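Asker: What follows is a predicted protein model with its sequence.
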Amino acid sequence: MTTTSHLAHLTRSADVGRVLIDDVGKRYGGSGAGGVDAVAGVSLEIGAGEFVAVVGASGCGKSTLLRILAGFESQTRGRVEVGGTPVTRPGPDRGVVFQDYGLFPWLTVAENVRYGLRQQRLPRGVCKERAAQFIEVVGLTRFANRFPGELSGGMQQRVAIARVLATDPAVLLMDEPFGALDALTRTQMQHELRRIHLDTGTTVVFVTHSIEEAVYLADRVVIMAGGASHGVPGHVAEVVRIDLPAERDVNAPDFNALEKRIAERVHAGVH
């Protein structure tokens, strides 16, 4: 297993992975009567190396907020910064993992992981070394020469995570990455992601519908409410700090109490 010491060359200054979201709003359809505010008044600070999960009912703006952070969409008001730099478009400081693995079926695991590194025009030797390192991080060294079609869904998602991490993003953005996996594989991937986060110290913003998953993975859980279907813009209803040990038991009373508290807040809807 790769440890933090193996990743020392990726050490960053304390501010590089810091995320600032200040009074952010996103309106679709223009400023007229036909326009819809998907999110409004969203403010949040995320510390470098922190793992933050975002939960809420469908349509509350979770994925919209993530796309704004990724630079795929622009906010119509407010400010978004990563490492003190305004987010105006996609950039190498942010890596994105979706539910769809997005692997090239004609490339091996190693070639898929090296792909993003080649786009950065790094020397061939560096690409090979960095890819091997992060294939080890996700526990797939024995499968480096396999093709995606030869791997399970969970293994393919690990390749997608390795491909993003190998490019050394300051912030990892994840939108329901385990949503298409079966329950057992999803649990295994949650364990893997916790280990990877502890190994790398990368800032993670993780969108999920699963409250149990959020409590298991995160340092803090952001609860969003509202949304166009509720007649009010999506907004942050509450931020819950997860004061649990690193090794978490989903059956422990403290875990269940936090899960229940967050579920009640989510189910409260637009309030």
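Answerer: That came through fine.
Asker: Arg265 is in contact with Val221, isn't it?
Answerer: No. Contact status for Arg265 versus Val221: not in contact, 9.4 Å apart, counting by Cβ atoms under 8 Å. (Glycine included, C-beta is placed from N, CA and C.)
Asker: ok, the two, which is more surrounded?
Answerer: Ranked by neighbour count (other Cβ atoms under 10 Å), Arg265 and Val221 place Val221 first, with 27 against 19.
Asker: hang on, the more buried one packs against Ile262?
Answerer: Yes. The pair Val221 / Ile262 is scored as a contact, 5.8 Å apart, by Cβ under 8 Å.
Asker: Please enumerate the helices of the stretch 1-150 of the chain.
Answerer: Taking DSSP state H, counting those that start in this stretch as the test, the helices found in the stretch 1-150 of the chain are 62-70, 109-119, 124-137.
Asker: where does the stretch 151-271 of the chain have low pLDDT?
Answerer: 269-271 (pLDDT under 70).
Asker: residue ranges for the helices of it, please.
Answerer: 153-166, 183-200, 211-217, 253-267.
Asker: any chance of the ones you listed in CSV, plus distance to Phe104?
Answerer: CSV is the format used below for the helices of the stretch 151-271 of the chain (distance: least, Cβ to Cβ, whole Å):
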stretch, distance to Phe104
helix 153-166, 10
helix 183-200, 21
helix 211-217, 28
helix 253-267, 37
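Asker: Which among those is found nearest to Val39?
Answerer: Of all those, helix 253-267 sits nearest to Val39, with 16.1 Å by Cβ to Cβ.
Asker: neighbouring contacts of the closest one?
Answerer: Contact with helix 253-267 is made by 55-57, 211-212, 214-216, 221, 223, 225, 237-238, 240, 242, 244, 248-250, as judged by Cβ atoms under 8 Å, 6 or more residues apart in numbering.
Asker: go on, stretch 29-49?
Answerer: Contacts for stretch 29-49 (Cβ under 8 Å, 6+ apart): 12, 14-28, 52, 61, 64-65, 77-78, 170, 201-203, 205, 222, 224, 227-228, 233-236, 239.
Asker: how's the protein carved up into domains?
Answerer: 12-92+171-258, 99-167 (the TED database).
Asker: distance between the longest one and the chain's centre?
Answerer: The one in question is domain 12-92+171-258. 7 Å (Cα atoms, centre = their mean, to the nearest Å).
Asker: Now for the closest residue to Gly61 other than its chain neighbours: which residues touch it?
Answerer: Once flanking residues are discounted, Gly61 sits nearest to Gly234: 2.6 Å by Cβ to Cβ, 6 or more residues apart in numbering. Gly234 is in contact with 38-40, 42, 56, 59-62, 64-65, 224-228, counting by Cβ under 8 Å, 6+ apart.
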